[in-house]
Structure formats: structure tokens, C-alpha cells
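Visitor: how would this look folded up:
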Amino acid sequence: QSLFRMLGDPARAERFVRLGKRIVWACVLLYTVGLALGLCWLDFHGDFWWPTWLLLYLPPPPYLLPLLLLVPLGLLFDWRTLYAALACVVMVFGFYDDFEWQQPRAPREPGQELRIVCNNIGGRGNHRLTPFVEQHDPDLILLQEAQRRGEGYAKQYGERNLHTAYHGEFVCSSRFPILESGLVDDILCDGRPVAARFVTEAHGRRIVVYNVHIASPRSLLDKLKGRGGIAQLLHDLGFGMGRDYGAVETVCNRLVAAEALLKRIGAETDPVIVGGDFNIPARGQAYHRFAGQFQDSFEKRGRGYGFT
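Guide: Sure, this is the predicted structure:
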């Protein structure tokens, strides 16, 4: 009742509207600046600390949830705040989520391109991959999590006149002869080699191929859901009620393994192709290190957001 009486007084109502505008603008500007700084941090340094590392694996739309409150308040007090809301949407979906819109590629010219297929087959077998391979007829096939299936793939792709080599979980099938192959067994993540190295000679050029599989973070992500994340944070802060799930060590080991692999690949003197299942979001220090040393094929030729 007092609010309606206040609004019945034009002077008091005007003061109320001015105050509302200031508060809404302050909230919108704080949110916009905070969102921009937060997204920049996640994009370049998000994998340095496990709580922000977790955020790298979350879909970006939840970052826009404050707009559910700010947009109605903007419509009520000052519609111009909607420009800031629009800028936030563009930041998230246009820049942070890295939408790509490349021109259609030129027709394939023999001797100048290699068509490569990478797939983590996991427990699915080859029933989804085979039609894709038959449709696209790749020059090079890189498979991960193919333990104990290498011989079967060698036989299957041998019928397509492909040369196949396999080590551990890694399989490489090539239209061209495979000259060398072996595990990169001195760079580990979660106790497993992160890559295998293959050498082939395509179109008269010697090419080194790294088939990469950095261990999935799924197990740790599941442990840190809900109260697990709170328990890990309490442990890091020194509270006895916390619990250590190894988040700090796991995140650190992933960065160390990625850096060691980059150093190894950087020492190659022949052209290098790196493919596989990196289990790295398209943001964070690890991704930018790879993208800075190599060309991201989706960034060069992809369309959309690249969800897989």
C-alpha cells in the first residue's frame, strides 16, 4: 500500500524510477563486465584451477541465466539495457562458443590433400564407423580405444587396400605404406600412453602422424558433481571435513602430459598430422598451446559449433 501511495506522488514516483534505472544499469554493467572477464579467464587459463576447469566442460548457456531477471527489469525501467543483454548473448554464442562459418571448400585435388577420419570407437565396435568410412573413402584412419581389435581392423581395412599398424589402443590405417610405428610410452596420462607415432610417405612426402588419446576426465567429473566438489574444495582449504578426489593432481597431470606431447611433436623435422581424441575443450591453456603450434582443422574448414 505504501508503494502505491508513493507512486501516486509524481515526484516520489520519478525518484523511484530514477533509482530503479540506476540499480538496473549497475547490475547489468557489473554482470556484463564480470561475464566478459570470466569468459576471457576460462578461454585462456580455465584449466589451471580445477573449479574453473570444471566449467570448461559445461555448456555455455547457463552463463546467461542472470538475463532471465535483468531483461524483465530492463523492460520495466530502461529498455536500453537490452543492448547490453544482447552483447552478452553475442559474447557467449558468437565468441566464447567459437562459431565457425567457413566458405565451401574447393574440389579435392589429387596429390595436395589427405582425407583423414579420427574416431574413438570405445565400446561401440565399428558398426557406426564403417558406413562413414565407405562414404568418405579416407586416406588415413586413426582409431582410439581399439584394444585387442587391431588385428581385426587390419583385416577389415586390408580389404580396402589400406596398410594398418596398431599399438595398444591405437590403430592407424593408411592408403600409403606405413614406414614406422610405435607407442609414445614415456608420456602418460592416468598411467596410459597418450599417443602412438606413425610414419608414412604420401605423395612423395614423408609425414609423421600422431594418434592421440588424452585420458577422459569423465571419472573425475562424476566424482566432483554436487557434494563431491564441495568436499574437494573444503579439503583444498584445509578443513578436516573435506575429501581429496585428486582433482589438483589430475588437472596438473593433464597439462603436463599435453605440454610434454607438444614438446615431442615440436622436435619432428617432417610435416606432422595430429589427430585423435584429445578430451580437451576448445578453450583453456592446453587447447591454445595445441592451436598455437598447429592448425585447427575445424577452425579452418568447419561450420557451426563443432559439437560431436
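Visitor: From D222, how far out is W41?
Guide: 25 Å (C-beta to C-beta, to the nearest Å). The C-beta positions use only the backbone N, C-alpha and C, and glycine is treated the same way.
Visitor: Looking at these two, which has the bigger crowd around it?
Guide: Legend: neighbour count by other C-beta atoms under 10 Å for W41 and D222, higher for W41 (14 against 10).
Visitor: Look up the closest residue to that one, ignoring the ones flanking it.
Guide: The shortest distance from W41 to any non-neighbouring residue, by C-beta to C-beta, 6 or more residues apart in numbering, is to T52 (6.9 Å).
Visitor: so that neighbour is in which element?
Guide: In this structure, T52 sits in helix 50-56 according to DSSP states H and E.
Visitor: what about stretch 279-299, how long is it end to end?
Guide: Stretch 279-299 has an end-to-end distance of 17 Å (criterion: C-alpha to C-alpha, to the nearest Å).
Visitor: Which of the helices and strands in this protein ranks last by mean pLDDT?
Guide: helix 2-8 (a mean of 54; mean pLDDT, DSSP states H and E).
Visitor: circling back to that earlier point, just checking, what packs against the helix or strand following the helix holding T52?
Guide: Note on helix 50-56: by DSSP H and E, the next helix or strand toward the C-terminus is helix 67-77. Judged by 3 or more C-beta pairs under 8 Å, 6 or more residues apart in numbering; DSSP states H and E, helix 67-77 is in contact with helix 10-45, helix 81-90.
Visitor: check contacts around G74.
Guide: V24, V28, R80, T81, L82, A85 (C-beta atoms under 8 Å, 6 or more residues apart in numbering).
Visitor: Pull out the buried residues from the residues you listed.
Guide: V24, V28, T81, A85 (16 or more other C-beta atoms under 10 Å).
Visitor: And the strands in the stretch 151-300 of the chain, which stretches?
Guide: Per DSSP state E, counting those that start in this stretch, the stretch 151-300 of the chain carries strands over the ranges 163-167, 170-174, 178-183, 188-189, 192-193, 195-202, 205-213, 272-277.
Visitor: Go through those strands and name the closest to F294.
Guide: strand 272-277 (5.9 Å; C-beta to C-beta).
Visitor: Buried residues, that closest one. List them.
Guide: So strand 272-277, judged by 16+ other C-beta under 10 Å, has buried residues I273, V274, G275, G276, D277.
Visitor: Same question for stretch 187-199.
Guide: Buried, per 16+ other C-beta under 10 Å, within stretch 187-199: I187, C189, P193, V194, A195, A196, R197, F198, V199.
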